[in-house]
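build me a model:
(one chain, ligands or ions: 1)
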Amino acid sequence: MLAIEAHGLRRTYTSRTGWLRPRRTTTEAVRGVSFEVASGELFGLLGPNGAGKTTTIKMLNTLLLPTSGTARVFGHDVVRDPVAVRRRIGYVFGGDRGLYERLSALDNLRYFAELYEVEPCEQRRRIAELLELVGLDGRERERVEGYSRGMRQRLHIARGLLHRPDVLFLDEPSIGVDPVAARDLRRTVADLADAGTTVVLTTHYMAEADELCDRIAVIAGGEIRALGTPGALKARVQERDVLEVEARGVSETELDRVRALPGVRDAAVDDRGSVQLLTVQSDRGTELHARVLAALDGVRLGRVTTREPTLEDAYVAIVAEAERATAGSVGSAAASTEVPA
Ligand SMILES: Nc1ncnc2c1ncn2[C@@H]1O[C@H](COP(=O)(O)OP(=O)(O)OP(=O)(O)O)[C@@H](O)[C@H]1O
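As a prediction, this is how the structure comes out:
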């Protein structure tokens, strides 16, 4: 049986702004999203800020009603049968909310086990199992206020699994977690999927998605722009070379100059603290090095390297394509319209 079936899901938000001249703003956050997730699959939902990922997840886990379209979780309709859906799902969101700081991890789990109506005779065994799964056994009697971010995230996952859900939604689990703790967290998520739990993961870390996900949907502007295995998504940019340039002071003007060079397919700048990383994707075999450096005349440059395309390059290409497709009308974010209230 399929774990998730979403057909034509849409969600529009309406909010009122202004006092003297009130306006009603309508945002089409999700605009007709359809996909299926098989039981036991680890499914990734990737997309830029405001793409509609959280809205999609909230419709699937019954926290938001769809404006139109349908969704089912293990055959249960999210609108008509929300109680049955909630029994089958767990939801873990990143950040600091949702745990009692002054209590130990053990007491937090006992409290939530009561709340989720885990049978009293089963609670002790279940909590011990979960502490082991998330690697917190031995630390369970310490207060949560002394926990690191990575430990808190693992405790969040344990909390989300208390009632043995068949589907776990993980919204940005590794946000703000250091690289070593993030690696442990990925191990936990992989173990979970190996044990048969269906996982829907949103993340901004492409390497994480590449390592973990069986399939990935890239969502931008409220629509799915690509869906496939990490390998299939990467195949889209296989025929490209990637040039990386460390720089300081690259503006839109230089970026446009680079984008206009013959053979260049995409160019993007990522601000990494005091330094920028310019990534240029080009048709395989294009000799770009000298021409890119000439286009960056006047910019302070650091290391220049060439590398094979990664999932991140595929993602950048898919999102850039989506932005070009919607340019001039709604931009890359969700479409918003304003009318007098
Ligand atoms: N409660 C709300 N009222 C009005 N607009 C909203 C509301 N929640 C989200 N939006 C808008 O809907 C769009 C989609 O937001 P959503 O949170 O689903 O995106 P996201 O992909 O999860 O983004 P992020 O990666 O930043 O979490 C955005 O334009 C956002 O501003």
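
in the helix or strand hosting Glu323, what's buried?
Assigned by DSSP states H and E, Glu323 falls within helix 311-326. For helix 311-326, the neighbour count (16 or more other CB atoms under 10 Å) marks 311-323, 326 as buried. Every residue, glycine included, has its C-beta placed from N, CA and C.

what of stretch 283-295?
Thr286, Leu288, Arg291, Val292, Ala295.

report the contact partners of the nearest residue in space to the second one that is not next to it in sequence.
What sits nearest to Leu288 in space, not counting adjacent residues and going by CB to CB, 6 or more residues apart in numbering, is Ser282, at 5.2 Å. Neighbouring residues of Ser282 by CB atoms under 8 Å, 6 or more residues apart in numbering: Arg240, Asp241, Val242, Leu243, Leu261, Gly263, Val264, Arg265, Leu288.

out of those residues, who's nearest Glu132?
Lowest distance from Glu132 to the contacts of Ser282 (CB to CB) belongs to Val242, with 41.3 Å.

confirm the closest one sits in a strand?
Yes: Val242 forms part of a strand when assessed by DSSP: H, G, I helix; E, B strand; the rest coil.

just to revisit the earlier point, now flag whichever of the buried residues of helix 311-326 is closest to the ligand.
Nearest to the ligand, judged by CB to the nearest ligand atom, of these is Val319 at 11.6 Å.

distance of the closest one from Arg141?
Using CB to CB, to the nearest Å, Val319 is found at 45 Å from Arg141.

the ligand contacts on this protein?
13, 15, 27, 29, 47, 49-55, 333-334 (CB under 6 Å from any ligand atom).

now for those residues, which pair is the farthest apart?
Using CB to CB, the two most remote members of these are Ser15 and Gly47, lying 21.5 Å apart.

more neighbours: these two, which one.
Using other CB atoms under 10 Å as the criterion, Ser15 and Gly47 rank with Gly47 on top: 26 against 11.

mind showing which ranges of the stretch 151-300 of the chain have poor pLDDT?
Applying pLDDT under 70 to the stretch 151-300 of the chain picks out no residues at all.

which secondary structure state does Ala71 sit in?
Following three-state DSSP, we place Ala71 in the strand state.
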